[in-house]
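1. Test case, fold it:
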Amino acid sequence: MTEDHIFTLTAAERDEIAAVAGALAEVEPRLVDDRTWLDACRGMSERLPERLRRRLRDFRHDPLLEGVLLVRNLPVGPALAPTPTVYDSVERTATPAAGTTALVSMQIGEVIAYRDEKSGALVQNVVPVAGREEQQSNAGSVPLELHVENAFHPHRPDMVSLFCVRPDHDGGAGLRVASVRRAAALLPHDVRKVLGEERFRTEVPPSFGAPGGQASPHAILHGDFDDPDVRVDFHATHPADDGAAEAMTVLRAALDTVTRAVYLRPGDLAVVDNRVTLHGRTHFTPRYDGEDRWLHRTFIHLDHRRSRALRADNGQVLS
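-> Model prediction:
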């Protein structure tokens, strides 16, 4: 990853953010999903350092070639609790770390969630869970296939943020990212054409509907031919015919060529543009000792209005 995609805060800026996040954590009722707290978060995000706000605006306008922004040296907060170990773990209490994640996310757009995913919590924990090591999910520890978040969903996130609260013991858990802006240049014209046709279906996770359900046929590449958006999950997206299957194979090879690994340290927050960049994870070995890898995750919409029909009472959670 080039330096253009890494933004490092100064010690003074980190302290400034810590003060804002600390104040936000005290806003009653001190619950992340409460509307009063979220309204406060939205307003207080304007108190983030100007240099950071400017960089986030620039990234929102144009995620550049990589489609990833890595913000470094954010405050993690006071003494940390043990890493959660339960499935579907979320952050309901407004801790400083959860507040930092929400503040940065709210400065980019609106934090959203899905009712059927992690109970609609807005700040979610990405942690390994014993017995689920082999799963293709945020609870697993085997390599996670490259994917667009919620590729099956018509209102999938525009951005995904991942804030490192605690790295894995060995520092080997890499966030894999692959930009279609890089990969598209490696695709023959006829392959791009096939990928732009509605010849693919993506499985709907059981939590979102009947097991084995699939979204309507869709294209993998859409929008501008030379600068497309991407919609694929290499674990859950399936071609409708041999030609589509061959095009997916060529795309996967191109993405593998441009894949980068980002190793998050405490205080690092990666923002992935879910429209142009896929993400995944390398293998790591959890120990389940309270010191395992722990990320906070948020989903962000840039156009909040487009999902209004799915959000009761104009809230943040899509049904």
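2. Now do the strands in the stretch 1-150 of the chain.
-> 6-8, 68-72, 110-114, 124-126, 144-147 (DSSP state E, counting those that start in this stretch).
3. give me the number of residues near residue 238?
-> 13 (other C-beta atoms under 10 Å). All C-beta atoms are positioned from the backbone trio N, CA, C, and that covers glycine.
4. for this structure, what's the longest helix?
-> helix 242-258 (DSSP state H).
5. Identify all contacting residues around the next helix or strand after that helix.
-> Where DSSP states H and E defines the elements, the next helix or strand beyond helix 242-258 is strand 260-262. Strand 260-262 is contacted from outside by 1, 66, 68, 70, 174-178, 270, 282, using C-beta atoms under 8 Å, 6 or more residues apart in numbering.
6. List the buried residues in strand 260-262.
-> Within strand 260-262, the residues that qualify as buried are 260, 262, counting by 16 or more other C-beta atoms under 10 Å.
7. who touches the helix or strand that comes right after that strand?
-> Proceeding N to C from strand 260-262, the next assigned helix or strand is strand 269-273, under DSSP H and E. Here strand 269-273 makes contact (C-beta under 8 Å, 6+ apart) with 56, 59, 63, 67-71, 74, 100-101, 104, 108, 158-164, 175, 177, 262, 264, 279, 300.
8. so where is the stretch 1-150 of the chain shaky, pLDDT-wise?
-> Residue ranges of the stretch 1-150 of the chain with pLDDT under 70: 1-2, 79.
9. about what we covered before: now, the contacts of strand 269-273 that are in helices?
-> Members of the contacts of strand 269-273 lying in helices (criterion: DSSP H): 56, 59, 100-101, 104, 108.
10. Identify the farthest-apart pair in these.
-> Spanning the widest gap among the ones in helices among the contacts of strand 269-273 are 59 and 100, at 17.1 Å by C-beta to C-beta.
11. more neighbours, the two?
-> Remark: of residue 59 and residue 100, residue 100 carries more neighbours, 28 against 20, as counted by other C-beta under 10 Å.
12. residues contacting the closest residue in space to that one that isn't next to it in sequence?
-> Distance criterion C-beta to C-beta, 6 or more residues apart in numbering; nearest residue to residue 100, sequence neighbours excluded, is residue 21 at 4.5 Å. Counting by C-beta under 8 Å, 6+ apart, residue 21 touches 75, 77, 96-97, 99-100, 103.
13. need the strands for the stretch 151-300 of the chain, in chain order.
-> 159-166, 175-179, 200-202, 221-223, 228-230, 237-239, 260-262, 269-273, 277-281, 294-301.
14. Pairing partners for the fourth one, with directions?
-> Right, strand 221-223. strand 228-230 (antiparallel) (DSSP bridges).
15. any idea how far the partner strand is from the chain center?
-> Relative to the chain's own centre, strand 228-230 is displaced by 16 Å; criterion: C-alpha atoms, centre = their mean, to the nearest Å.
16. Could you do stretch 294-305 as well?
-> 7 Å.
17. List the buried residues of that stretch.
-> 294-301.
18. Is it possible to get a markdown table of the strands of the stretch 151-300 of the chain that adds mean pLDDT?
-> What follows is the strands of the stretch 151-300 of the chain, written out as a markdown table (pLDDT from 0 to 100):
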| stretch | mean pLDDT |
| --- | --- |
| strand 159-166 | 98 |
| strand 175-179 | 98 |
| strand 200-202 | 97 |
| strand 221-223 | 97 |
| strand 228-230 | 98 |
| strand 237-239 | 97 |
| strand 260-262 | 96 |
| strand 269-273 | 98 |
| strand 277-281 | 98 |
| strand 294-301 | 98 |
